[in-house]
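Peer 1: Sequence first, predicted model second:
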Amino acid sequence: MISSRLPRDLSPNATARAVDALRASGADVIDLTESNPTRAGFPYPDKLLEPLASARGLRYDPHPLGSIEAREAVSREFLRRGLQMPPDHIGLTSSTSEAYSFLFKLLCNPGDAVLVPTPSYPLFDHLTSLESVVPLSYSLEYHGSWRVDIDSVRSQLNDTVRALLIVSPNNPTGSFLHADDLTQLTEICAAHGMMMVGDEVFADFTLDDAPHAVSPLAQNEALVCSLGGLSKSGGLPQVKFSWIGFAGPSPQLEELLVAYEIVADTYLSVSTPVQVAASTLLAEAPQLRAAIHERVRQNLTTLRDQARNHPAVTVLACEGGWSAVLQLPALRSEEALVLELLNEDHVFVHPGYFFDFPRESFVVVSLLVPPELFSLGISRVLMRATLGRGSFGEGGSRDSLP
């Protein structure tokens, strides 16, 4: 009775079972995977969400792309980043995930393919499967910094590929798209009639100097769109307000927008209250965005400082976003290490295989965690990662660690 678009095995994996068991026992777990800013101890203004209660939200007057007032506010967001995006080229969605869903409906027939970066967030597997779209992986390679492997993009091209997905900065690698990579990817998309889909939800959060970073919108030879939303740029995932900005050569762009309106008009998913509140919420976003930015920078500095005392551990270069990647000695499998950290040290991290890293041994940590917990959790990760399995003996515990 269950659709084949869903995973065959819906049971939780060993890591999820271990986390659930620890929490059920009442144990305090340092969650270094936390990516929800509303659970990360940030001071939200008491009246921040009052605009959602405006009486104007009682009137329902839908538009497929969203209200012009809200789209004008989003247009100003693009302009803040130095990008021109007229309101008529913007479509509102309730989330970035929904934006992907709309785009796959717009661009792909069942069985068509899209190119997806690897490593990257595993949500793409579910989003493509639910739309009967095939994800084809292209590689991000690390040589002191992360870059797109252009040859791996070319190797996946075929007549069914409809779009190239770019996440900049990428989650979890923190790598921005570089200008020379954009030039080559634009040529590929234009030559093969593919759309370039730029996920830029973390674009406001630069961590290291990234002089080569560029938006996918910085070209006009191929159809392109940019995804963003209040979930990341405003630290408000519960508000459910995201957007797609479309650009590219005419008349292809006009034809695309007409077709997109049909998709969006079928769902009309963005609530009136949030569209009424959008302008105010976006205007208030800089304060919380600055607090998040300061937190992730501070935690990245802590991580690098502690890692200097563990030469066998490498903190990979990170240009932006909310995550950091650690390359560790391959003393045991990633899954074994993650389970040890949970059961012995009460620390939860993501293994590299969760993001399709091509080999072991990597772990990914969130930089959003409150600094005191982050520092304590990282000290346990580094100590455990550089010790052989069972180094504390059968009676070893987290009390043996800092």
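Peer 2: That came through fine.

Peer 1: So which bits of the biggest helix by length in the chain are buried?
Peer 2: In the chain, with assignment by DSSP state H, the single longest helix is helix 272-307. Residues of helix 272-307 classed as buried: 272-282, 284-285, 288-289, 291-293, 295-296, 299-300, 302-303, 306-307 (neighbour count, 16 or more other C-beta atoms under 10 Å). Any C-beta I mention is one placed from the backbone N, CA and C, and that applies to glycine too.

Peer 1: Kindly report the same for stretch 163-183.
Peer 2: Buried residues in stretch 163-183 (16+ other C-beta under 10 Å): 163-178, 181-182.

Peer 1: about what we covered before: quick check: which helices or strands does the longest helix of the chain pack against?
Peer 2: helix 68-80, helix 230-233, strand 314-315, strand 323-327, helix 371-385 (3 or more C-beta pairs under 8 Å, 6 or more residues apart in numbering; DSSP states H and E).

Peer 1: Quick one: closest of those to Ala191.
Peer 2: Evaluated over the helices and strands packed on helix 272-307, closeness to Ala191 peaks at helix 68-80, with 27.0 Å, by C-beta to C-beta.

Peer 1: circling back to that earlier point, could you provide the helices and strands packed on helix 272-307 in TSV, with additional columns for mean pLDDT?
Peer 2: Formatted as TSV, these follow (pLDDT from 0 to 100):
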stretch	mean pLDDT
helix 68-80	98
helix 230-233	97
strand 314-315	96
strand 323-327	97
helix 371-385	97
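
Peer 1: just so I know, which of those lies nearest Gln156?
Peer 2: strand 323-327 (23.6 Å).

Peer 1: and that closest one, what does it pack onto?
Peer 2: Helices and strands touching strand 323-327, by 3+ C-beta pairs under 8 Å, 6+ apart, are helix 272-307, strand 314-315, strand 362-366.

Peer 1: Could you report the separation of the residue nearest to Gly352 when sequence neighbours are not counted from Thr302?
Peer 2: Take Gly352 and drop its neighbours on the chain: the residue closest to it by C-beta to C-beta, 6 or more residues apart in numbering is Phe362, 3.1 Å away. Taking C-beta to C-beta, to the nearest Å as the measure, Phe362 falls 19 Å from Thr302.

Peer 1: now swap in Tyr138 and tell me
Peer 2: To Thr302, Tyr138 is 33 Å away according to C-beta to C-beta.

Peer 1: same deal with Asp159?
Peer 2: For Asp159, the distance to Thr302 - C-beta to C-beta - is 49 Å.

Peer 1: Pro329 too?
Peer 2: Taken as C-beta to C-beta, the span from Pro329 to Thr302 is 21 Å.

Peer 1: Out of the buried residues of stretch 163-183, list just those in helices.
Peer 2: With helices taken from DSSP H, the overlap with the buried residues of stretch 163-183 comprises Asp181, Leu182.

Peer 1: list the contacts for Gln84?
Peer 2: By C-beta atoms under 8 Å, 6 or more residues apart in numbering, Gln84 lies in contact with Phe78.

Peer 1: my guess is it is in a helix, correct?
Peer 2: No. Counting by DSSP: H, G, I helix; E, B strand; the rest coil, Gln84 falls outside a helix, being coil.

Peer 1: Model confidence score at it, please.
Peer 2: For Gln84, the pLDDT comes out at 95.

Peer 1: Asn220 too?
Peer 2: pLDDT, Asn220: 89.

Peer 1: just the strands in this protein please.
Peer 2: If DSSP state E is used as the criterion, the strands of the chain fall at 30-31, 90-93, 113-118, 134-142, 146-148, 161-167, 195-199, 224-229, 242-247, 314-315, 323-327, 347-348, 350-351, 362-366.

Peer 1: now the longest one against strand 161-167, angle please.
Peer 2: Orientation of strand 134-142 against strand 161-167 (axes from the mean of the first three to the mean of the last three C-alpha atoms, to 10 degrees) gives an angle of 40 degrees.

Peer 1: quick check: angle from strand 134-142 to strand 113-118?
Peer 2: Using the same axes, to 10 degrees: strand 134-142 against strand 113-118 is 30 degrees.
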